[in-house]
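Engineer: coords please:
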Amino acid sequence: MTRAPGMSARLRLALSYAGFVVVAGALLMATVWVFLLRYVPEVIVSYPLGPPGQPGLFIPDRADLLAAFAPRAAVVLLLLLGFGLLGGWFLAGRMLAPLTRITHATRVAAGGSLAHRIRLAGRADEFRELADAFDSMLAQLEANAAEQQRFAANASHELRTPLAISRTLLDVARTDPDHDPRELVARLHAVNERAIHLTESLLLLSRGDRGAFARGPVDLSLLAEDAVETLLPLAEQRGVGLTVTASPAPTSGSADLLTQVVVNLVQNSVVHNLPAGGRAAVRTGTEGATTVLAVENTGPVLPADLVPTLVEPFRRGTERTRSDEHAGVGLGLAIVHSIVRAHDGTLDLAPLRAGGLRVEVRLPGGSAVRGTRSPGRRVGG
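Structural biologist: Sure thing, here's the model as predicted:
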């Protein structure tokens with residue numbers, strides 16, 4: 001919607017300054033009139049003080065003083081008006097100069113250049129605070145845009161891989177009439193399952209980022225016990241000792257999304273473990289007004305600079321291989337981080353000195369949930 005051009009802020013400020021100066025001058029002159037001129041008599045009788053026939057001493061009355069004062073007062077008011085306009089225009093320009101730079105930076109950012117910064121110098125005032133906040137916003141937007149570009153590129157690559165494999169399998173089957181169709185169907189089914197899993201993971205990640213879910217009472221201890229019981233066969237297959245210490249851990253949120261958090265963390269602790277004799281432990285509980293879910297496992301020693309990047313989409317640890325059917329697509333911890341952040345919680349990752357990783361989820365506490373099992377119950381061995 002196009003608006004009609006109006007008076008600029010600089011002109012309005014200049015007029016305000018000029019009006020203030022003129023009003024101040026008028027009040028000063030009114031003060032002179034009230035406290036000086038009103039004590040002068042309206043008519044003064046002149047008495048001859050000199051020799052006869054000579055004019056007497058002239059003593060001006062109120063009308064004489066007013067006639068001499070009024071024109072000069074009007075000239076002074078006009079000069080004050082001109083001085084106020086010029087001075088106000090100059091001062092308003094100096095005051096609004098930072099706003100002009102901020103406006104220019106806004107237009108540059110709107111044009112797609114998020115790398116531009118204002119970097120306003122000078123003393124810390126309201127304009128400096130606004131400029132610094134705008135620079136921080138641009139930095140955050142630039143980081144988010146870069147992250148979205150990386151995410152889109154990685155997602156495109158991941159989605160293209162199963163499609164390329166499917167096309168290769170079909171090309172081979174078309175050129176080789178003696179190829180066993182059952183093997184082709186089995187391999188296409190596996191590739192299709194992977195593509196479906198990736199698509200569902202992307203949708204789940206988007207859902208967590210938007211925060212589009214209904215909240216209700218949830219007990220993480222129930223979710224942890226169910227996840228451990230479900231993944232216990234996988235842990236036994238890999239020779240990983242999986243245990244859970246489930247104390248009541250009430251919070252508020254989406255049961256489906258928080259279930260995905262627990263399942264992803266427990267599955268990661270089993271899959272990314274030692275080749276044999278590994279351990280994984282899950283613990284739930286409360287610390288004050290905070291609900292805590294902690295998952296700890298053995299594994300290779302992780303570099304400290306690698307751990308913070310594990311929550312990035314499509315980021316895999318050093319020991320993750322694409323040949324493993326449980327290796328995933330590198331969205332597990334990214335999904336966890338997104339869902340935890342949408343629930344106003346925090347996700348902390350800490351490498352263990354002996355190897356492995358400790359993941360701790362902290363969520364705002366909630367009211368107790370009916371059906372909570374006995375405190376400290378252990379599952380697994």
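
Engineer: contacts, neighbours, all on C-alpha from now
Structural biologist: Will do.

Engineer: Just want the most central residue of the chain.
Structural biologist: Centroid check for the chain by CA atoms, centre = their mean gives residue 140 as the closest residue, at 6.9 Å.

Engineer: Within the helices and strands, which one has that residue?
Structural biologist: In the assignment (DSSP states H and E), residue 140 maps to helix 126-175.

Engineer: After the helix or strand in which residue 34 is found, which helix or strand is next?
Structural biologist: Assessed by DSSP H and E, residue 34 sits inside helix 9-35. Next in sequence after helix 9-35, counting helices and strands by DSSP H and E, comes helix 62-110.

Engineer: what residue ranges in the stretch 201-350 of the chain are flagged as low confidence?
Structural biologist: For the stretch 201-350 of the chain, applying pLDDT under 70 flags the ranges 201-202, 204-212, 313-330.

Engineer: same thing but at 50, please
Structural biologist: 318-323, 325-327 (pLDDT under 50).

Engineer: And the stretch 1-150 of the chain, by the same measure?
Structural biologist: 1.

Engineer: Residue 141: how many residues sit nearby?
Structural biologist: 15 (other CA atoms under 10 Å).

Engineer: Equivalent analysis for the one 5 residues further on, please.
Structural biologist: Neighbouring residues of residue 146 were enumerated by other CA under 10 Å; the total is 12.

Engineer: could you say what helices and strands the helix holding residue 140 packs with?
Structural biologist: Counting contacts by 3 or more CA pairs under 8 Å, 6 or more residues apart in numbering; DSSP states H and E, helix 126-175 is packed against helix 62-110, helix 181-210.

Engineer: Could you dump those helices into JSON lines and include mean neighbour count and distance to residue 298?
Structural biologist: Shown next, in JSON lines, are the helices and strands packed on helix 126-175 (neighbours: other CA atoms under 10 Å; distance: least, CA to CA, whole Å):
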{"stretch": "helix 62-110", "mean neighbour count": "15", "distance to residue 298": "47"}
{"stretch": "helix 181-210", "mean neighbour count": "15", "distance to residue 298": "26"}
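
Engineer: Distance to residue 277 added to the ones you listed, as TSV?
Structural biologist: Shown next, in TSV, are the helices and strands packed on helix 126-175 (distance: least, CA to CA, whole Å):
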stretch	distance to residue 277
helix 62-110	55
helix 181-210	29
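
Engineer: any idea how far the nearest residue to residue 108 once chain neighbours are set aside is from residue 214?
Structural biologist: Closest residue to residue 108 apart from its sequence neighbours, by CA to CA, 6 or more residues apart in numbering: residue 116 at 7.2 Å. Computed as CA to CA, to the nearest Å, the residue 116 to residue 214 distance reads 39 Å.

Engineer: quick one, which of those two is more surrounded?
Structural biologist: residue 116 (16 against 9).

Engineer: Surely the more buried one touches residue 109?
Structural biologist: Yes. Taking CA atoms under 8 Å as the definition, residue 116 is a contact partner of residue 109 at 7.1 Å.

Engineer: Any chance you could list residues touching both of those two?
Structural biologist: residue 138 (CA atoms under 8 Å, 6 or more residues apart in numbering).
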